[in-house]
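K.L.:
only geometry, no sequence info:
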C-alpha cells in the first residue's frame, strides 16, 4: 500500500504525513479565501433599520471558526452594524452574531444570539460585541434571521 521497501516504511509514513499536513493548510487557506469572497458578496444584503446597518444571512462555511471570522470581517467592512450569520452543517445550525463597538451600549450580541438560537431549538451566548450559538432545527433558520430586524427595531 505504501509502495516502498520494508526498511523505508517509517520514512514513507513521515513523508505522507507531511504531505497531508501541507494539504490541510492549503485547504484552510482556500476556505478562508472563499469566505472572504462570500463576505464581499453578502454586503449587498445589508439593510438599514433606525439608522443602523443590519446584516442577517445564511452563508456557506465549513465550521464555526470561519463563521466567526466572517462576522469579524463584516464588522470591519461595515464600521457600525449588527450582524448575524448562520450556517447549516450536518443538519445542525451554527450562529454567530457581532455588534460593532459603537453600538454595544444599545445592542448586545449575546442577547441577540440567545433569542435567535432559541428559535432554532438551541442555545448560546457571548460578549456584547461577539457571540455564538448552535441550534437543532435548520427549518427555523429563516425565522431566526428575520428576528434580527425586529431586534434592531426594539432595542435601539
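P.N.:
Alright, I've got the coordinates. Remember, predicted model here, so these are calculated numbers, not experimental data.

K.L.:
okay, which residue is most central for the protein?
P.N.:
Closest to where the C-alpha atoms of the chain average out (Cα atoms, centre = their mean) is residue 67, at 1.5 Å.

K.L.:
once you drop chain neighbours, what's closest to that one?
P.N.:
Residue nearest to residue 67 in three dimensions, not counting chain neighbours: residue 96, with 4.4 Å by Cβ to Cβ, 6 or more residues apart in numbering. Backbone N, C-alpha and C define where each C-beta goes, glycine included.

K.L.:
what does residue 135 give?
P.N.:
If the residues on either side of it in the chain are set aside, residue 135 comes closest to residue 120, at 2.7 Å by Cβ to Cβ, 6+ apart.

K.L.:
what number of residues lie near residue 108?
P.N.:
22 (other Cβ atoms under 10 Å).

K.L.:
so what does the nearest residue to it once chain neighbours are set aside look like in phi/psi?
P.N.:
Nearest non-adjacent residue to residue 108, counting by Cβ to Cβ, 6+ apart: residue 128, 4.8 Å away. With angles defined as degrees, to the nearest 10, residue 128 sits at phi -60, psi -30.

K.L.:
need phi/psi at residue 105.
P.N.:
The phi/psi pair for residue 105 (degrees, to the nearest 10) reads phi -70, psi -30.

K.L.:
what's the answer for residue 111, then?
P.N.:
The phi and psi values for residue 111, taken as degrees, to the nearest 10, are phi -70, psi -40.

K.L.:
any weak-confidence spans in this structure?
P.N.:
Applying pLDDT under 70 to the chain flags residues 39, 155-156.

K.L.:
could you pull out the helices for this structure?
P.N.:
Under the criterion DSSP state H, helices of the chain are mapped to 9-41, 64-78, 109-119, 141-155.
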